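Engineer: quick check, what structure comes out for this input:
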Amino acid sequence: MATLQAPVENSNGFEIEDVAPAGDYIATCIDIADEFGVTRRKYQSEDIEQIDVTRFLFGFKGQDGRLYKVQTFEMKISGSPKSALYKFLSSWLGKAPSMGWDYCALKGKGAVIKVEQVTSQMGKVYNKIVNILPPKTSLSDYTAQVIPVEQFAAVSQASAAFSAPAPAEAPAPASAPAAWSPESGDEMDCPF
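Structural biologist: Next up is the predicted model:
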């Protein structure tokens, strides 16, 4: 269940050490943070309102074998089909969420996310989750590749410079295979 917490002014969300490389990844929802009674200016208005917001923290293993964390932007807790949270959850679940359902049940669950690197106006590089899908669809099943949440907790306790090598039998991330080229001369890899 979502718990009440004291309002935090100018919260930047979760603490993330490294910027993750852009790409498509099989990710695990590590944590969900709700903030209640956050004071914000209304959209395109000078009026002030108090709203409840949430953000999601995901972890995944990069192609270099390191574990990375990325977070969503802050989303207003709203059941409106036009809200960012409702659209995000619908895309992740592959269907519309039920009203009254506690989305915190998604902690520890997997997803396929598309991560991009964005540069702020101040020149800081950060990650942005631009797409999310369920780990299992009619075309693919990545559920066996979802990393347990406990592995990310262990990394958080280790030093920030920790870099574990990828096991030899580890499956590749959900990114697209290398493009086929006629110059390679390998007819076996031809997609058509």
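Engineer: which stretches of the chain have low pLDDT?
Structural biologist: Along the chain, the model assigns pLDDT under 70 to residues 1-12, 154-192.
Engineer: stretch 129-143: end-to-end distance?
Structural biologist: Chord length of stretch 129-143, first to last residue, is 19 Å (C-alpha to C-alpha, to the nearest Å).
Engineer: and that stretch, what's buried?
Structural biologist: Ile129, Ile132, Leu133, Pro134, Pro135, Tyr142 (16 or more other C-beta atoms under 10 Å). C-beta here means a position set from N, CA and C on the backbone, and glycine is covered the same way.
Engineer: which residue sits closest to the fourth one, ignoring its sequence neighbours?
Structural biologist: Nearest-residue entry for Pro134: Gly94, 4.3 Å, with adjacent residues in sequence omitted and distances by C-beta to C-beta, 6 or more residues apart in numbering.
Engineer: quickly note the distance from the one you found to Gly79.
Structural biologist: Distance, Gly94 to Gly79, using C-beta to C-beta, to the nearest Å: 18 Å.
Engineer: most centrally placed residue in the chain?
Structural biologist: Phe58 (4.1 Å; C-alpha atoms, centre = their mean).
Engineer: which SS state does that one fall under?
Structural biologist: strand (DSSP: H, G, I helix; E, B strand; the rest coil).
Engineer: distance of it from Gln50?
Structural biologist: For Phe58 relative to Gln50 (C-beta to C-beta), the value is 28 Å.
Engineer: for the longest strand anywhere in the chain, packing partners?
Structural biologist: Secondary structure assigned by DSSP state E gives strand 23-41 as the longest strand of the chain. Applying 3 or more C-beta pairs under 8 Å, 6 or more residues apart in numbering; DSSP states H and E, one finds that strand 23-41 makes contact with strand 48-61, strand 110-119, helix 149-157.
Engineer: how about the residue nearest to Pro134, what does it touch?
Structural biologist: Leu133, Pro134, Thr137 (C-beta atoms under 8 Å, 6 or more residues apart in numbering).
Engineer: hang on, the first one packs against Val112?
Structural biologist: Yes: counting by C-beta atoms under 8 Å, Leu133 does reach Val112; the two are 4.5 Å apart.
Engineer: so how far is Lys95 from Glu17?
Structural biologist: Taking C-beta to C-beta, one finds Glu17 at 35 Å from Lys95.
Engineer: ditto for Gln50
Structural biologist: 31 Å.
Engineer: and Asp102, how many residues sit next to it?
Structural biologist: By other C-beta atoms under 10 Å, 10 other residues sit near Asp102.
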